[in-house]
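Q: Got a predicted model here, sequence first, then my questions.
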Amino acid sequence: MRIGVLALQGAFVEHIAILNQLKVEALPVRLPQELVGLDGLVIPGGESTTINKLMLDYNLMCEIRNLAKNGLPIFGTCAGMILLANKVSGLDMDSIGVMNMTVRRNAFGRQKDSFENELSMPVLGEKPFLGIFIRAPVIEWTSSEVEVLARLADGTGVAARQGRLLVSAFHPELTNDLRFHEYFLDIGRGY
Amino acid sequence: METGTWKVKTGLAQMLKGGVIMDVINAEQAKIAQEAGACAVMALERVPADIRADGGVARMADPTIIEAITKAVSIPVMAKCRIGHFVEAQALEALDIDFIDESEVLTPADESHHIWKHDFKVPFVCGCRDLGEAVRRIGEGAAMIRTKGEAGTGNIVEAVRHMRAVMDGIRKLVNMPQDELMTQAKEMGAPFELVEEIHKTGKLPVVNFAAGGVATPTDAALMMQLGADGVFVGSGIFKSSNPEVRARAIVKATTHFQDPKIIAEVSKNLGQAMPGLDIKQIPVEELLAPRGW
């Protein structure tokens, strides 16, 4: 399997390291031609406005949108989740926008409100998954085709799936737990 | 829910990687920086070039300026406090700043000690000139490091010297036999546990940006190729003739730092860079980088 990791800005090296641990070839993607022949794409955490602008500069946004519509498996964490949502509360921004849901940026406040929290995620098994939330977004609304995979105690959605598109508001790439990435690779098999 | 953990502090620094953090002195500049693709802004009263020109004591910025900048943008906002001035740091934490830079650019408040940064929920970034200094700061709780360079000069030479010194220090530790690490830690003036960790992992335990003298897209890409995780640009943007265009070019060059064609392309028609200073012409007592212990 060849998985691309969008490497414009943010924590892309961490995703590459986890994918390598899972014996998957992981390639940084900075230009459209590097999207060719991939079996999946990871959009990492970082600053969503920065990544967004850098995608537009070299025509990556349209390419990724088209690939997503043709079924390319994509895993977006934090900023990646914001970029995949088709609506961001209070913001009119051109983004990839292929998941039918509304997200809110910096939903918990500023950095001092960033937190760690164990999450129950049945699709990953019984053992809780450590959610590391850094100036994190949340899922405010989902259409019926989107399945919410993890919620905070108050019911707020923080991970979701729509077909082969997978998102989390938190950062699995900052943990040593490989299960979320394994789940993504399972979703992608058969593409 | 646990806030202020080491993981969320160092994690925010990891999210800034591959990005450009820009010095701004008002809301308007902050918006220009965000629009250009900055991954964070540093809220200041004066940029380092002006601090250098004005002389006198440089302190934490007026909270009204910091608040105006915080309201103007959605990207993280950093602010500087004086070395050792833990009450300025407490005030910045109370202002909900996302990251504090305990910075040699301001006049030190303590000439022997830095802030014990583990006491804070907000993460800190600190400057360094070599690996020993970097590791001392991490030991005190810095969740992010930046090489100092010489701020406000528009001259990259010191930034290069410091980045090479840090990288060289790491390479030496990696190749050193275990039984020499204790003496090495003593000579570096650095905590043994962190020295041993770097020996094993071959990298700093936190993100390391370059700072102090970045004025052009090629400067930014140079620091990235030398091993920086990202760059701070202080006076280099808003002291140039066309800040919008230059800021955008530096952002692109930082992302595409291994692509000479893109770097050449974005370097076209940027207007005048900030006027630079020859380090050798600066009186020794006016150098900023030696501040820090």
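A: It's in.
Q: quick one, what contacts the residue nearest the centre of chain A?
A: Among the residues of chain A, the one closest to the centroid is residue A:76, at 1.0 Å (C-alpha atoms, centre = their mean). For residue A:76, the contact set (C-beta atoms under 8 Å, 6 or more residues apart in numbering or on different chains) comprises A:42, A:43, A:82, A:83, A:84, A:165, A:166, A:167, A:168. C-beta here means a position set from N, CA and C on the backbone, and glycine is covered the same way.
Q: Tell me the backbone dihedrals of the fifth one, please.
A: The phi/psi pair for residue A:84 (degrees, to the nearest 10) reads phi -90, psi -20.
Q: distance of it from chain B?
A: According to C-beta to the nearest C-beta, to the nearest Å, residue A:84 and chain B sit 17 Å apart.
Q: my guess is that residue contacts residue A:97, does it?
A: Yes. Between residue A:84 and residue A:97 there is a contact under C-beta atoms under 8 Å: 7.4 Å.
Q: ok, back up a step: let's have the contacts of residue A:76 in a markdown table, adding secondary structure, neighbour count and pLDDT.
A: As requested, the contacts of residue A:76 are exported to a markdown table (DSSP: H, G, I helix; E, B strand; the rest coil; neighbours: other C-beta atoms under 10 Å in any protein chain shown; pLDDT from 0 to 100):
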| residue | secondary structure | neighbour count | pLDDT |
| --- | --- | --- | --- |
| A:42 | strand | 26 | 98 |
| A:43 | strand | 30 | 98 |
| A:82 | helix | 28 | 97 |
| A:83 | helix | 27 | 97 |
| A:84 | helix | 26 | 98 |
| A:165 | strand | 23 | 98 |
| A:166 | strand | 28 | 98 |
| A:167 | strand | 29 | 98 |
| A:168 | strand | 31 | 98 |
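Q: of those residues, closest to chain B?
A: If you rank the contacts of residue A:76 by distance to chain B using C-beta to the nearest C-beta, residue A:82 comes first, at 10.7 Å.
Q: list the contacts for the nearest residue to that closest one once chain neighbours are set aside?
A: Residue nearest to residue A:82 in three dimensions, not counting chain neighbours: residue A:48, with 4.3 Å by C-beta to C-beta, 6 or more residues apart in numbering or on different chains. Listed by C-beta under 8 Å, 6+ apart, the contact partners of residue A:48 are A:79, A:82, A:83, A:95, A:105.
Q: which SS class is residue B:80?
A: strand (DSSP: H, G, I helix; E, B strand; the rest coil).
Q: isn't it right up against residue B:101?
A: Yes. Assessed by C-beta under 8 Å, residue B:80 is found in contact with residue B:101 at 4.5 Å.
Q: neighbour count winner among the two?
A: Taking neighbours as other C-beta atoms under 10 Å in any protein chain shown, residue B:80 and residue B:101 compare with residue B:80 leading, 28 against 25.
Q: if we look at the sheet, which residues does the residue nearest to the centre of chain A bridge to?
A: residue A:43, residue A:167 (DSSP bridges).
Q: now residue B:40
A: With DSSP bridges as the rule, residue B:40 is bridged to residue B:21.
Q: residue contacts, it?
A: A:47, B:16, B:19, B:21, B:22, B:75, B:76, B:77, B:78, B:98, B:99.
Q: Distance check, the residue of chain B positioned farthest from its centre against chain A.
A: In chain B, residue B:179 marks the outermost C-alpha relative to the chain mean, sitting 33.3 Å out by C-alpha atoms, centre = their mean. Per C-beta to the nearest C-beta, residue B:179 is found 29 Å from chain A.
Q: wait, is that residue part of a strand?
A: No. Counting by three-state DSSP, residue B:179 falls outside a strand, being helix.
Q: residues from the stretch 1-150 of chain B in reach of chain A?
A: B:1-5, B:7-8, B:11-12, B:14-19, B:34, B:36-40, B:74-76, B:93, B:96-99, B:121-123 (C-beta under 8 Å from any C-beta of the partner chain).
Q: In helices, which of the residues you listed fall?
A: Residues of those located in helices (DSSP state H): B:7, B:8, B:11, B:12, B:14, B:15, B:16, B:34, B:36, B:93.
Q: gap between the residue sitting furthest away from the middle of chain A and chain B?
A: Computed with C-alpha atoms, centre = their mean, the maximum C-alpha offset from the centroid of chain A is found at residue A:112, amounting to 22.8 Å. Distance of residue A:112 to chain B, given as C-beta to the nearest C-beta: 5 Å.
Q: try residue A:129
A: Using C-beta to the nearest C-beta, residue A:129 is found at 14 Å from chain B.
Q: Adding distance to residue B:113, write the contacts of residue A:76 out as a markdown table.
A: Formatted as a markdown table, those follow (distance: C-beta to C-beta, whole Å):
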| residue | distance to residue B:113 |
| --- | --- |
| A:42 | 43 |
| A:43 | 42 |
| A:82 | 41 |
| A:83 | 43 |
| A:84 | 46 |
| A:165 | 51 |
| A:166 | 47 |
| A:167 | 45 |
| A:168 | 41 |
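Q: Can you show me the strands along the stretch 151-293 of chain B?
A: For the stretch 151-293 of chain B, the strands defined by DSSP state E, counting those that start in this stretch cover B:207-210, B:231-233.
Q: how about the ones you listed, which one is nearest chain A?
A: Nearest of the strands of the stretch 151-293 of chain B (C-beta to the nearest C-beta): strand B:207-210, 9.4 Å.
Q: Could I get the CA-only coordinates of the closest one as CSV?
A: Extracted in CSV, the C-alpha atoms of strand B:207-210 (Å, rounded to 0.1, in the frame of the first residue of the first chain):
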residue,chain,number,x,y,z
VAL,B,207,10.2,20.9,18.1
ASN,B,208,13.0,23.3,17.1
PHE,B,209,12.4,26.3,14.9
ALA,B,210,14.9,28.8,13.5
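Q: how about that strand against chain A, any contact?
A: No. On the criterion C-beta under 8 Å from any C-beta, strand B:207-210 is out of touch with chain A, staying 9.4 Å away.
Q: Spell out which residues of chain A are next to chain B.
A: A:7-14, A:30, A:45-47, A:49-50, A:53-54, A:57, A:78-79, A:105-106, A:109-117, A:132-135, A:171, A:174.
Q: Give me the subset of these that lies in strands.
A: The strands, defined by DSSP state E, take in A:115, A:116, A:117, A:132, A:133 from these.
Q: What about those residues, which one has the most neighbours?
A: Highest count within these by other C-beta under 10 Å belongs to residue A:133, 26 neighbours.
Q: Many thanks, we can stop here.
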